[in-house]
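Asks: can't give you the sequence, but here's the structure:
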């Protein structure tokens, strides 16, 4: 402790060095810590900016997706209504036509009795063949309506799942906006 040396005309004692080195070391550590903290803050700030940019992009995409889903649902519902109305109209027309043909056949049989029965039977066979073909068309339309109904029943559940996911994402976004760190 009795050590002493001279620098630039100043006499520096050993105890001054013993006290000065820890003080200077603490100051240097504080400066380094402050610099490191500032750099980390800049890094967090850049990360928040990235999150904000991505959330804006997500918002626009989720709005697009929601509008596409609504449009698809409306389109499918309109097509189902159209298909059902066409099927019902065709069925009604076929029933009317079948009733008219049956009445015509009954009248022809009553009028002709036994005479010309072979010709009438051939015509009846032809009419029945046409009726069977039209009945197949009606059954095909009915199966298409059933398929469309099956598709839309599953679409409602899918839309509910997608709406739940969108709601969850909005909740997460709100949480991020309230507490960014």
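Replies: Sure, I can see it. Keep in mind that this is a model prediction, so the values were computed, not measured.
Asks: Which elements pack onto the longest helix along the chain?
Replies: In terms of residue count, the longest helix belonging to the chain (DSSP state H) is helix 14-112. Under the contact definition 3 or more C-beta pairs under 8 Å, 6 or more residues apart in numbering; DSSP states H and E, helix 14-112 sits against helix 117-178. Bear in mind the C-beta positions are built from the backbone N, C-alpha and C, glycine included.
Asks: for the helix it packs on, packing partners?
Replies: Packing partners of helix 117-178 (3+ C-beta pairs under 8 Å, 6+ apart): helix 14-112.
Asks: Report the mean per-residue pLDDT for the helix it packs on.
Replies: Helix 14-112 carries an average pLDDT of 88.
Asks: now the angle from it to helix 117-178?
Replies: Inter-element angle recorded for helix 14-112 and helix 117-178: 160 degrees (by axes from the mean of the first three to the mean of the last three C-alpha atoms, to 10 degrees).
Asks: Return the distance of helix 14-112 from the chain's centre.
Replies: Its chain's C-alpha centre and that of helix 14-112 lie 5 Å apart, by C-alpha atoms, centre = their mean, to the nearest Å.
Asks: go on, stretch 160-180?
Replies: Stretch 160-180 has its C-alpha centroid displaced from the chain centroid by 14 Å (C-alpha atoms, centre = their mean).
Asks: Contacts for that stretch next, please.
Replies: Contacts to stretch 160-180, defined as C-beta atoms under 8 Å, 6 or more residues apart in numbering, come from residues 48, 51, 55, 58-59, 62, 65-66, 69.
Asks: Please repeat the previous calculation with a cut-off of 6 Å.
Replies: Residues from elsewhere that reach stretch 160-180 (C-beta atoms under 6 Å, 6 or more residues apart in numbering): 48, 55, 62.
Asks: Any figure for the gap between the last one and residue 8?
Replies: Pointing back at residue 62 there. Distance from residue 62 to residue 8, counting by C-beta to C-beta, to the nearest Å: 70 Å.
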